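Colleague: show me the folded form of this:
(chains A and B)
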Amino acid sequence: IGRGEAVNVEYVSANPTGPMHVGHCRGAVFGDALANLLAYTGFKVTREYYINDAGAQVDALARSAFLRYREALGENIGAIPEGLYPGNYVKPVGEALAAEHGPSLKQMPESGWFAIVRAKAVAMMLDDIRDDLAALNVKHDVFFSERSLIENGDKVGATIEWLRRQGHVYEGRLPPPKGAPIEDWEDREQTLFRATAFGDDVDRPLKKSDGGYTYFASDIAYHKNKFDRGFHTMIDVWGADHGGYIKRMQAAVKAISGGKADLDVKIVQLVKLLRAGEPVKMSKRAGEFVTLREVVDEVGRDAVRFDMLYRKNDAPLDFDLAKVIEQSRDNPVFYVQYAHARGQSIFRNAREVLADLPAGDRERAALLTQAPLERLEDAGELALMRRLALYPRLIEAAASAHEPHRVAFYLYELASEFHAFWTRGNDAPHLRFIIRNDPNMTLARLALVQGIVSVLASGLALLGVGAPQEMR
RNA sequence: GCGCCCGUAGCUCAGCUGGAUAGAGCGUUGCCCUCCGAAGGCAAAGGUCGGAUGUUCGAAUCAUCUCGGGCGCGCCA
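Modeller: Just a heads-up that it's a prediction; the model follows:
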């Protein structure tokens, strides 16, 4: 269905100010699975990570790193001040700076060391993030730096001027917000994007009172950059707290593309982390939080990925560390993987009846295309075949709706029907997959199993979840 | 006040973009292994799809309104 159309999928919005925490992994997994799905259905997908390395937060990181640097040189720095990052993960940055520069940075004024320290800190944080993403099996093609939009020739300013020439930017005043009262509200003339002309509720500011660009302004420039690179279909994956930002970004994409590009924004809701039903406590104040890595190390990436995808993206999600490693039916990951392993075990055992059954996946599948499928007449077999036949349409629907969770549910249902039919072999031996005195029937059943195993493996691969040969 | 998301069985959630008596897991009740395929399976009970109007031959699905919950609402990203 994609017909080679270029699609840009942007996901993971972790600031490069620390390791990824659990809150990030849902968007990461969702975006990754969606990208898989689109690539599988014929789109030319570019997976993109937008690095928010231009705001005040990375400045705070730089100051935190500088303190750790002085600490690494033997200074007693005391408590990390409010507003900076107190976490221990900043220490290696300080140590690296000390090893690289010795005491020389300390002798400089802030204007001298600041850019150096910030660049080093961001680079090291980004390395951590890449490792975290790899642990989750999440891939990106492009890491795009927000800062690069400003420093390599002011692309943000250029975009604003471009929009101004189109009549979409003007200097004006905004009414004060209706919601929570703002303490230091001052009515001032500012640079505004005419978002209301494209369906938004109010025009949006592009410059801060200190003269810098708003985040929105650089985001417009970024999306214009995507459009200029040839993307007419863009998908952004954001956290729930950014919901109010959708309209203005869609308005901006319309404006910068002259209506030619389309932006779909997928919001992933919050993940509540539980252990056996009890909320997992985290103390942000101490700079401690549950990192993505801790969770992956504890329950494995298959469980994290499947569980995150076994729910609509716009519904909140409870993630129970104890439940996802349970080996039972109420754990969907296990249940689906078990079905795949069961199918594989049939192939292993079938050699007792069909000694010349090829061991290779491909060879066996080729042989089974000759199987006498007309002998599959039982209601359970027919149901399974019907289910298998739905797979291509299910994939298309999931891809065009941008809803990977449909794949997860489908796999669960397929696994369920497979387990049910398997169990009927207990009471009705003629329904077993391997029939000792009837190699032809065995062949037909193996063909059915081949279909099931192939579809399970295919679907699991789209979700980025492993399809094991046997359960341990 | 405004915008967006959600509301389906006791609980957690699906519902294939409008189609037939609304589904699954958990929980409850009752079953299926002396051994060979029980990490599994079968069955029962349980729902005015938050509510109201409307569109339609037909609505959990679309529209309007309403109630309840979540998120957001210059110069944070």
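Colleague: number of residues surrounding residue A:53?
Modeller: Neighbour count for residue A:53, taken as other C-beta atoms under 10 Å: 22. Bear in mind the C-beta positions are built from the backbone N, C-alpha and C, glycine included.
Colleague: now do residue A:351
Modeller: For residue A:351, the count of nearby residues is 13 (other C-beta under 10 Å).
Colleague: doesn't residue A:357 make contact with it?
Modeller: Yes. Counting by C-beta atoms under 8 Å, residue A:351 does reach residue A:357; the two are 5.5 Å apart.
Colleague: from residue A:29, how far off is the closest residue to residue A:233 other than its chain neighbours?
Modeller: Once flanking residues are discounted, residue A:233 sits nearest to residue A:7: 4.6 Å by C-beta to C-beta, 6 or more residues apart in numbering. The gap separating residue A:7 from residue A:29 is 18 Å, by C-beta to C-beta, to the nearest Å.
Colleague: of those two, who's got more company?
Modeller: Neighbour totals were compared for residue A:7 and residue A:29, and residue A:29 leads with 28 against 20 (other C-beta under 10 Å).
Colleague: where's the residue lying closest to the more buried one once chain neighbours are set aside, which helix or strand?
Modeller: Nearest residue to residue A:29 in three dimensions, chain neighbours excluded: residue A:308, at 4.4 Å (C-beta to C-beta, 6+ apart). Residue A:308 is part of helix A:301-309, with elements assigned from DSSP states H and E.
Colleague: name the helices or strands packed onto that helix?
Modeller: Counting contacts by 3 or more C-beta pairs under 8 Å, 6 or more residues apart in numbering; DSSP states H and E, helix A:301-309 packs against helix A:22-40, strand A:317-320, helix A:332-350, helix A:405-427, helix A:439-463.
Colleague: ok, 6 Å please
Modeller: Judged by 3 or more C-beta pairs under 6 Å, 6 or more residues apart in numbering; DSSP states H and E, helix A:301-309 is in contact with helix A:22-40, helix A:332-350.
Colleague: so residue A:469 makes contact with residue A:344?
Modeller: Yes. Using C-beta atoms under 6 Å, residue A:469 makes contact with residue A:344 at a distance of 4.9 Å.
Colleague: so which of the two has more stuff around it?
Modeller: Per other C-beta under 10 Å, whichever of residue A:469 and residue A:344 has more neighbours is residue A:344, with 19 against 12.
Colleague: you'd agree that one is up against residue A:468?
Modeller: No. Counting by C-beta under 6 Å, residue A:344 stays clear of residue A:468, with 8.0 Å between them.
Colleague: where does chain A have low pLDDT?
Modeller: The model of chain A has pLDDT under 70 over residues A:282-289.
Colleague: before we move on, back to that, how far away is the residue nearest to residue A:29 from residue A:94?
Modeller: Taken as C-beta to C-beta, the span from residue A:308 to residue A:94 is 34 Å.
Colleague: looking at the two, which is more packed in?
Modeller: It is residue A:308, of residue A:308 and residue A:94, that has more neighbours when counted by other C-beta under 10 Å, with 27 against 23.
Colleague: run a quick check on that one versus residue A:24, I expect a contact.
Modeller: No. At 10.9 Å, residue A:308 and residue A:24 do not qualify as touching, with contact defined as C-beta under 6 Å.
Colleague: in the stretch 1-150 of chain A, which spans are helices?
Modeller: A:22-40, A:56-72, A:91-101, A:110-135, A:146-151 (DSSP state H, counting those that start in this stretch).
Colleague: quick one: closest of the ones you listed to RNA strand B.
Modeller: Closest to RNA strand B of the helices of the stretch 1-150 of chain A, according to C-beta to the nearest atom of the strand: helix A:56-72, at 4.9 Å.
Colleague: orientation of that closest one relative to helix A:110-135 in degrees?
Modeller: 100 degrees (axes from the mean of the first three to the mean of the last three C-alpha atoms, to 10 degrees).
Colleague: run through the neighbouring helices and strands of helix A:56-72.
Modeller: For helix A:56-72, the packing partners by 3+ C-beta pairs under 6 Å, 6+ apart are helix A:91-101, helix A:110-135.
Colleague: got the buried residues for the longest one?
Modeller: Meaning helix A:110-135. Of all the residues in helix A:110-135, those buried under the rule 16 or more other C-beta atoms under 10 Å are A:113-114, A:116-118, A:120-122, A:124-126, A:128-129, A:132-133, A:135.
Colleague: one step back: and the helices and strands packed on helix A:301-309, which is most packed in?
Modeller: Mean neighbour count (mean count of other C-beta atoms under 10 Å) peaks for helix A:22-40 among these, with a mean of 25.
Colleague: list the contacts for the residue of chain A most remote from its centre?
Modeller: Distance from the C-alpha centroid of chain A peaks at residue A:437, with 50.0 Å (C-alpha atoms, centre = their mean). Applying C-beta atoms under 6 Å, 6 or more residues apart in numbering to residue A:437 gives no contacts.
Colleague: do the one 4 residues further on as well
Modeller: Going by C-beta under 6 Å, 6+ apart, residue A:441 touches A:375, A:435.
Colleague: do you know how far it is from residue A:364?
Modeller: On the measure of C-beta to C-beta, residue A:441 and residue A:364 end up 17 Å apart.
Colleague: how about residue A:320?
Modeller: On the measure of C-beta to C-beta, residue A:320 and residue A:364 end up 38 Å apart.
Colleague: related to what we said a few turns ago, between the helix holding residue A:308 and helix A:22-40, how many degrees?
Modeller: Per the same axes, to 10 degrees, the angle that helix A:301-309 makes with helix A:22-40 is 90 degrees.
Colleague: so what touches helix A:301-309?
Modeller: Outside helix A:301-309, the residues that reach it (C-beta under 6 Å, 6+ apart) are A:26, A:29, A:33, A:136-137, A:296, A:324, A:333, A:404-405, A:408, A:463-466.
Colleague: do it and RNA strand B come into contact?
Modeller: No. Under the criterion of C-beta under 7 Å from any atom of the strand, RNA strand B is not reached by helix A:301-309; the shortest gap measures 10.6 Å.
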